[in-house]
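Engineer: pasting the structure only:
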């Protein structure tokens with residue numbers, strides 16, 4: 001029955017046998033998710049219960065609307081950091097005498113992110129998931145991780161840090177070193193060490209779970225609150241009520257911009273994670289379909305006093321490693337967290353803040369993917385530089401402006417890759433099929449009486465002048481007996497109006513030298529542009545051909561045919 005409801009794709013084909021796998025998986029996801037659910041809201045200055053609400057409501061919404069069987073959504077450290085920056089910009093834009101409701105602002109941003117997801121789905125913009133390249137995301141998250149680490153200084157030491165940025169808080173901490181609450185610092189460092197010991201020994205008990213249990217027990221035994229160590233404090237014992245944030249009391253332009261930034265980072269990173277897990281399980285990831293699931297998973301927490309979420313790497317990994325087979329695991333996790341909120345309230349209330357700082361610091365360090373940075377360095381030095389630019393942007397300009405820097409770096413990278421399209425004169429190699437770049441293949445020889453010039457890439461407003469100058473340079477070097485120049489357009493995806501003007505200038509120069517200008521293998525879209533621009537009329541419709549061979553036979557007669565018994569790669573450039 002469930003399989004017939006399109007919305008419940010993560011539960012389609014439900015079988016009671018799944019309970020044996022999904023219940024243990026859901027309990028494991030809840031155990032791992034609870035510490036981060038309590039810790040992550042602190043990044044944005046939100047109360048701990050908002051993280052629990054997000055960890056309950058988001059998986060329920062995704063189970064109903066999401067397409068994946070195995071992905072688990074929830075609070076994410078990088079998303080929380082961008083949320084914190086967006087909230088800071090919104091709060092700064094409020095009138096000085098306005099009472100700040102941080103939860104309402106976070107809820108408004110969550111709804112905004114969800115609406116961006118749905119709008120992107122309607123416009124089929126799932127391709128936006130690939131907009132921030134992997135190197136730029138790796139660099140950006142490394143910068144974000146440093147921001148999170150600096151943000152834990154106050155929680156580790158018990159000292160109120162008022163500075164922002166990377167260096168200023170460290171300087172302020174040095175100036176206030178006499179105010180350090182040493183029991184808090186010792187506890188935080190001990191829990192931080194415990195997390196790394198668990199990781200080093202590959203213990204089956206998740207480190208954050210062990211830290212929560214140990215720190216709560218120590219807090220109960222030694223009365224940490226009485227010792228001056230900050231604790232979580234009172235938590236609501238039930239679920240929140242449905243409520244819509246007061247959008248009319250907020251700067252909508254900042255809400256929209258903040259939602260857009262969170263959407264871009266969380267969706268981009270979420271799909272990268274989804275595809276990574278999908279490659280292990282064989283589950284195909286459709287970015288456009290994921291937009292609906294993630295949209296619902298953001299709107300649901302926003303309607304119940306919580307914040308934006310993304311695909312959770314850690315929770316999804318636990319789900320896979322413990323044998324989860326459907327979204328039932330996410331529903332079991334949500335139910336377990338509801339029970340924890342109701343029955344473990346007293347224990348969570350005395351959870352020490354330095355222990356949460358240790359969990360956050362460890363999560364931040366995990367965002368620095370040193371192996372991936374090393375791989376990028378080995379593969380492409382220029383991409384490594386762009387990764388460093390993205391990291392520098394997040395550190396130097398703040399996380400929200402760092403998103404803008406990352407986007408700008410992406411544009412710069414794309415422009416660099418397409419601004420100077422590869423080109424070259426082609427010739428023939430005796431006994432081999434095809435045409436070959438004369439520069440790359442010294443044994444290749446130009447075709448007598450003709451020139452074949454290939455451009456690999458679109459001819460657009462930002463590179464049209466470069467292509468024009470390259471072709472003019474080639475024309476000036478042609479032999480006097482050259483009768484035609486054939487532009488191989490097989491690798492030209494698109495030509496815009498500026499590109500058409502550039503080709504028109506080339507046609508004029510060739511006409512002055514009485515050389516025929518022909519174009520081979522031109523796409524229909526580019527042909528339509530050149531027709532409307534008058535370029536086709538200038539060069540003559542008869543000089544458009546389906547391929548290079550056809551063009552040369554028509555313009556200069558028979559050309560030597562290669563020996564087709566010889567097998568070789570047919571590569572132009």
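Structural biologist: That came through, no problem. Keep in mind that this is a model prediction, so the values were computed, not measured.

Engineer: and the next helix or strand past the helix or strand harbouring residue 290?
Structural biologist: Element membership for residue 290, per DSSP states H and E: helix 287-303. Later in the chain than helix 287-303, the nearest helix or strand by DSSP H and E is strand 310-311.

Engineer: if we can go back for a sec, and the helix holding residue 290, what does it pack onto?
Structural biologist: Packing partners of helix 287-303 (3 or more C-beta pairs under 8 Å, 6 or more residues apart in numbering; DSSP states H and E): helix 49-65, strand 73-74, helix 102-122, helix 252-281. Where you see a C-beta, it was placed from the backbone N, CA and C, and this is true even at glycine.

Engineer: need the winner for burial among the ones you listed.
Structural biologist: strand 73-74 (a mean of 32; mean count of other C-beta atoms under 10 Å).

Engineer: ok, the nearest residue to residue 34 once chain neighbours are set aside - contacts?
Structural biologist: Closest residue to residue 34 apart from its sequence neighbours, by C-beta to C-beta, 6 or more residues apart in numbering: residue 340 at 6.0 Å. Listed by C-beta atoms under 8 Å, 6 or more residues apart in numbering, the contact partners of residue 340 are 30, 34, 52, 348.

Engineer: okay, those residues in TSV with pLDDT, distance to residue 176 and secondary structure next?
Structural biologist: Output for those, formatted as TSV (pLDDT from 0 to 100; distance: C-beta to C-beta, whole Å; DSSP: H, G, I helix; E, B strand; the rest coil):
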residue	pLDDT	distance to residue 176	secondary structure
30	92	38	helix
34	91	32	helix
52	95	32	helix
348	91	30	helix
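
Engineer: state the distance from the closest residue to residue 116 other than its chain neighbours to residue 45.
Structural biologist: By the measure of C-beta to C-beta, 6+ apart, the closest residue to residue 116 outside its immediate chain neighbours is residue 263, 4.1 Å from it. From residue 263 across to residue 45, the span is 21 Å (C-beta to C-beta, to the nearest Å).

Engineer: ok, for residue 439, nearest residue in space, not its chain neighbours?
Structural biologist: Nearest to residue 439 is residue 424, by C-beta to C-beta, 6+ apart, at 5.6 Å.

Engineer: and the strands in the chain?
Structural biologist: Listed in chain order, the strands of the chain (DSSP state E) span 73-74, 310-311, 422-427, 436-437, 450-456, 484-488, 516-520, 544-545.

Engineer: give me whichever of the ones you listed is most buried.
Structural biologist: Sort the strands of the chain by mean neighbour count, taking mean count of other C-beta under 10 Å, and strand 73-74 sits at the top with a mean of 32.

Engineer: just checking, what packs against it?
Structural biologist: helix 19-39, helix 49-65, helix 287-303.

Engineer: what's near enough to touch the residue nearest to residue 116?
Structural biologist: So residue 263 contacts 112, 113, 116, 117, 120 (C-beta under 8 Å, 6+ apart).

Engineer: for the spatially most central residue of the chain, which non-adjacent residue is spatially closest?
Structural biologist: Central residue of the chain (C-alpha atoms, centre = their mean): residue 268, 2.6 Å from the mean position. With C-beta to C-beta, 6+ apart as the criterion, residue 268 has its nearest non-adjacent residue at 4.4 Å, and that residue is residue 132.

Engineer: mind listing what the one you found touches?
Structural biologist: Contacts of residue 132 by C-beta under 8 Å, 6+ apart are 140, 264, 265, 268, 269, 406, 407, 410.

Engineer: with residue 484 instead?
Structural biologist: Taking C-beta under 8 Å, 6+ apart as the test, what residue 484 contacts is 449, 450, 451, 515, 516, 517, 518, 551, 552, 555, 556.

Engineer: could you do residue 251 as well?
Structural biologist: 90, 93, 94.

Engineer: please apply the same query to residue 161.
Structural biologist: Per C-beta under 8 Å, 6+ apart, neighbours of residue 161: 153, 154, 169, 172, 173, 176.

Engineer: for the contacts of residue 251, could you give me JSON lines that also reports neighbour count, pLDDT and distance to residue 41?
Structural biologist: JSON lines is the format used below for those (neighbours: other C-beta atoms under 10 Å; pLDDT from 0 to 100; distance: C-beta to C-beta, whole Å):
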{"residue": "90", "neighbour count": "23", "pLDDT": "95", "distance to residue 41": "17"}
{"residue": "93", "neighbour count": "13", "pLDDT": "92", "distance to residue 41": "22"}
{"residue": "94", "neighbour count": "16", "pLDDT": "91", "distance to residue 41": "20"}
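
Engineer: still on that earlier bit, widest-spaced pair of the contacts of residue 484?
Structural biologist: The most widely separated members of the contacts of residue 484 are 449 and 517, with 14.8 Å between them, by C-beta to C-beta.

Engineer: what's the burial count for the residue nearest to residue 314 when sequence neighbours are not counted?
Structural biologist: Spatially, and ignoring its direct neighbours in sequence, residue 314 is nearest to residue 32 (6.0 Å; C-beta to C-beta, 6+ apart). For residue 32, the count of nearby residues is 24 (other C-beta atoms under 10 Å).

Engineer: which one among the contacts of residue 161 gets closest to residue 136?
Structural biologist: residue 169 (25.6 Å).

Engineer: so the closest one versus residue 217, what's the distance?
Structural biologist: Where residue 217 is concerned, residue 169 sits at a distance of 31 Å (C-beta to C-beta).

Engineer: next one: residue 313
Structural biologist: The gap separating residue 313 from residue 217 is 28 Å, by C-beta to C-beta.

Engineer: neighbour count for those two, which is higher?
Structural biologist: Neighbour tally, residue 313 and residue 217, criterion other C-beta under 10 Å: the higher count belongs to residue 313, 22 against 12.

Engineer: would you mind measuring the gap between the ends of stretch 38-57?
Structural biologist: Chord length of stretch 38-57, first to last residue, is 15 Å (C-alpha to C-alpha, to the nearest Å).

Engineer: in the stretch 351-500 of the chain, which spans are helices?
Structural biologist: 353-366, 370-379, 381-396, 399-419, 464-476, 497-512 (DSSP state H, counting those that start in this stretch).

Engineer: can you tell which of the ones you listed is closest to residue 253?
Structural biologist: If we rank these by C-beta to C-beta, the stretch that ends up nearest is helix 399-419, at 13.7 Å.

Engineer: can you tell me what sits against that closest one?
Structural biologist: Helix 399-419 is contacted from outside by 81-82, 84-86, 88-89, 131-133, 136-137, 139-140, 143-144, 147, 258, 261, 264-265, 382-383, 386, 389-390, 392-397, 457-458, 460, 462-463, 466, using C-beta under 8 Å, 6+ apart.

Engineer: how about 6 Å then?
Structural biologist: With contacts defined as C-beta atoms under 6 Å, 6 or more residues apart in numbering, helix 399-419 is touched by 81-82, 85-86, 132, 136, 140, 143-144, 147, 261, 386, 389-390, 393-394, 457, 462-463.

Engineer: just the buried residues of these.
Structural biologist: Burial by neighbour count, 16 or more other C-beta atoms under 10 Å: within those this picks out 81-82, 85-86, 132, 136, 140, 143-144, 147, 261, 386, 389-390, 393-394, 457, 463.

Engineer: no further questions, thank you.
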